[in-house]
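Enquirer: sequence first, predicted coordinates after that:
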Amino acid sequence: MRLLGNLIWLLFGGLATGIGWWVAGLLAAITIIGIPFAIAAFRIGTFSFWPFGREVVDRPERDEARKLLILLGNIVWILLGGIWLALAHLFFALLLAITIIGIPFAVQHLKLAQLSLTPYGKMIVVRA
């Protein structure tokens, strides 16, 4: 069932948004400073291609300095492109929410839109 969901997902915007994430990753990887952003973009882009059977969870952080770095990274991410990727996911979510069949895919796009704004401090795990 996951395979079928992922294949349908590719048709309903997953392919376009996954490519968008990878393009953002390539643009970020051009500079040395952008490499951490590129790694996050590639990771989330891969998740955007195959989201069913996986979920995003908060990474447990105990160190206050690490939490500050995550916050700063998320702020820079939003300013450099996260907002545009989030808007792309919101666009697809609105289109898919029009039909009953598209609602589960719209919900997935909303989750990806939220992740697009704050990718640091999150990890993607496989559901059992």
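Expert: Sure thing, it's come through.
Enquirer: give me the element Val125 is part of.
Expert: strand 122-126 (DSSP states H and E).
Enquirer: check which helices and strands that strand sits against.
Expert: On a contact count with 3 or more CB pairs under 8 Å, 6 or more residues apart in numbering; DSSP states H and E, strand 122-126 meets helix 35-49, strand 54-58. Quick note: C-beta positions are derived from backbone N, CA and C, even for glycine.
Enquirer: most packed of the ones you listed?
Expert: Comparing the helices and strands packed on strand 122-126 on average neighbours per residue, with mean count of other CB atoms under 10 Å, the densest one is helix 35-49 at a mean of 20.
Enquirer: and it, what does it pack against?
Expert: Counting by 3+ CB pairs under 8 Å, 6+ apart, the elements that helix 35-49 packs against turn out to be helix 15-28, helix 64-77, helix 103-117, strand 122-126.
Enquirer: just the angle between that helix and strand 122-126, please?
Expert: 40 degrees (axes from the mean of the first three to the mean of the last three CA atoms, to 10 degrees).
Enquirer: show residues contacting helix 35-49.
Expert: Residues from elsewhere that reach helix 35-49 (CB atoms under 8 Å, 6 or more residues apart in numbering): 6, 10, 14-15, 17-22, 24-26, 28-29, 54, 56, 73, 76-77, 80, 112, 115-116, 119-120, 124.
Enquirer: where's that helix relative to the chain centroid, distance-wise?
Expert: Relative to its chain's centre, helix 35-49 lies at 7 Å (CA atoms, centre = their mean, to the nearest Å).
Enquirer: go on, stretch 43-56?
Expert: 7 Å.
Enquirer: for that stretch, what is the average pLDDT?
Expert: In this model, stretch 43-56 has a mean pLDDT of 89.
Enquirer: dump it to CSV, restricted to CA.
Expert: The C-alpha coordinates for stretch 43-56 follow below in CSV (Å, rounded to 0.1, in the frame of the first residue of the first chain):
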residue,chain,number,x,y,z
ARG,A,43,17.4,14.8,2.9
ILE,A,44,14.0,16.5,2.8
GLY,A,45,13.9,16.3,-1.0
THR,A,46,14.3,12.5,-0.8
PHE,A,47,11.6,12.5,1.8
SER,A,48,9.4,14.5,-0.5
PHE,A,49,9.8,11.9,-3.2
TRP,A,50,8.8,9.0,-1.0
PRO,A,51,6.9,10.3,2.1
PHE,A,52,4.5,7.4,2.8
GLY,A,53,5.9,4.9,5.4
ARG,A,54,8.1,7.7,6.9
GLU,A,55,7.5,10.5,9.3
VAL,A,56,9.3,13.6,10.7
